[in-house]
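S.K.: Provided below are the primary sequence and the corresponding predicted coordinates.
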Amino acid sequence: MILALSCPDRPGIVAAVSTLLAEAGCNIRDAQQFDDLEIGRFFMRVVFDRLEGARSAAEIQGLVDELAARFKMTVSLRDAAARKRVMLLVSKFDHCLADLIYRWRIGELPMEITAIVSNHAREHIASTDLGDLPFHHMPVNRQTKMEQEAELWHLIQETQSDLVVLARYMQVLSDGLSAKLSGRCINIHHSFLPGFKGAKPYHQAHERGVKLIGATAHYVTSDLDEGPIIEQDVERISHRDTPDDLVRKGRDIERRVLARAVRYHLEDRVLLNGKKSVVFTD
Ligand SMILES: Nc1nc2c(c(=O)[nH]1)N[C@@H](CN(C=O)c1ccc(C(=O)N[C@@H](CCC(=O)O)C(=O)O)cc1)CN2
């Protein structure tokens, strides 16, 4: 099981958590913690096994709920083998989509894919083998944005999707939908944020003459490209690189950054910390 928590900092939190688990007949396999001294908030992730004769998962949930009330915790407790349900959204460029599906097929990403949704027709992602994954074409323009988002939200609810991944989905989600998906919608932005926000970061990077390009995976908020960052990476480039070279080199960075961010979220390694995140990496 995986326990992830945050709460106002005070002495005795780790002792209380480890005592609860020991007395419930559990063995801690991994524990990571962080104390944000700036805001006085404590963050922790614990992976543990229920040993022979241990209290049941439901009983442990009850004990954790009591602890959460005592320490004013934000807490999640989950069976590590349970797979989160994930919807993947894409527009014209399918390199991140194809990469996530490949990593899912080989068992690297422990998830159930609920649907693939695009605002463009299936032909645009013809190079990606969707197998029997359901595909939904939801075209959108300024006039139809609210109806399209209503259809999208209905599908998210109908499929009981826990996470929505914007795998180069190039439509800005409304404030309303962003709020409904708070903390469970991850976007891959094709720049090293906070640099070069918006729809064309590689052209901005080329224009500026930077020597590094990057990609950023972040949770989506109503403020475009401003959500809590989960993962970033960069690559060196030079004056010889054309915008097309940057797009080509950028694809590899986007793929690995998004895959890491999605895996961290699936494994409850990401805890929100205001406009930032705490990521207990492996
Ligand atoms: N509420 C949010 N929605 C989305 C975010 C976000 O941070 N918050 N990120 C984008 C992805 N993105 C950059 O990473 C991005 C996508 C699209 C645009 C944009 O200006 N789109 C135009 C239409 C472009 C087109 O049709 O090709 C628009 O929506 O008017 C900027 C940034 C995903 N959604």
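M.R.: In hand now; what should we look at?

S.K.: mean confidence for the strand or helix carrying Ala115?
M.R.: Counting by DSSP states H and E, the element that carries Ala115 is strand 111-118. Strand 111-118 comes out with an average pLDDT of 98.

S.K.: same deal with stretch 235-244?
M.R.: Model confidence over stretch 235-244, given as mean pLDDT, is 98.

S.K.: Buried by neighbour count: which residues of that stretch qualify?
M.R.: Buried residues in stretch 235-244, counting neighbours by 16 or more other Cβ atoms under 10 Å, are found at 237, 241. Quick note: C-beta positions are derived from backbone N, CA and C, even for glycine.

S.K.: could we number from 390 for the rest of this?
M.R.: Sure, I'll start counting at 390 from here, so that last one is stretch 624-633.

S.K.: Show the subsequent helix or strand relative to the helix or strand Glu624 falls within.
M.R.: Glu624 is located in strand 618-625, with elements delineated by DSSP H and E. Proceeding C-terminally, strand 618-625 gives way to helix 632-655 as the next helix or strand, assigned by DSSP H and E.

S.K.: If you count neighbours, what's buried in that next one?
M.R.: Buried positions in helix 632-655, judged by neighbour count with 16+ other Cβ under 10 Å: 635-636, 638-640, 642-655.

S.K.: Please apply the same query to stretch 460-473.
M.R.: Of the residues in stretch 460-473, those buried by neighbour count under the rule 16+ other Cβ under 10 Å are 460, 462, 464, 466, 473.

S.K.: excluding its backbone neighbours, what's nearest the last one?
M.R.: The spatially closest residue to Lys473, leaving aside those adjacent along the chain, is Asp551, at 4.3 Å (Cβ to Cβ, 6 or more residues apart in numbering).

S.K.: now that neighbour: how far from Leu613?
M.R.: In this structure, Asp551 and Leu613 are separated by 24 Å, where distance is defined by Cβ to Cβ, to the nearest Å.

S.K.: which of those two has more neighbours?
M.R.: The residue with more neighbours, out of Asp551 and Leu613, is Asp551; 18 against 15, by other Cβ atoms under 10 Å.

S.K.: which ones are touching that one?
M.R.: Residues in contact with Asp551 (Cβ atoms under 8 Å, 6 or more residues apart in numbering) are 473-475, 573.

S.K.: Need the pLDDT of the residue of the stretch 390-539 of the chain found nearest the ligand.
M.R.: Proximity to the ligand, evaluated over the stretch 390-539 of the chain using Cβ to the nearest ligand atom, is greatest for Ser480 at 6.6 Å. Per-residue confidence (pLDDT) for Ser480: 98.

S.K.: can you pull the contacts of it?
M.R.: Taking Cβ under 8 Å, 6+ apart, we find Ser480 in contact with 507-509, 513, 557-560.
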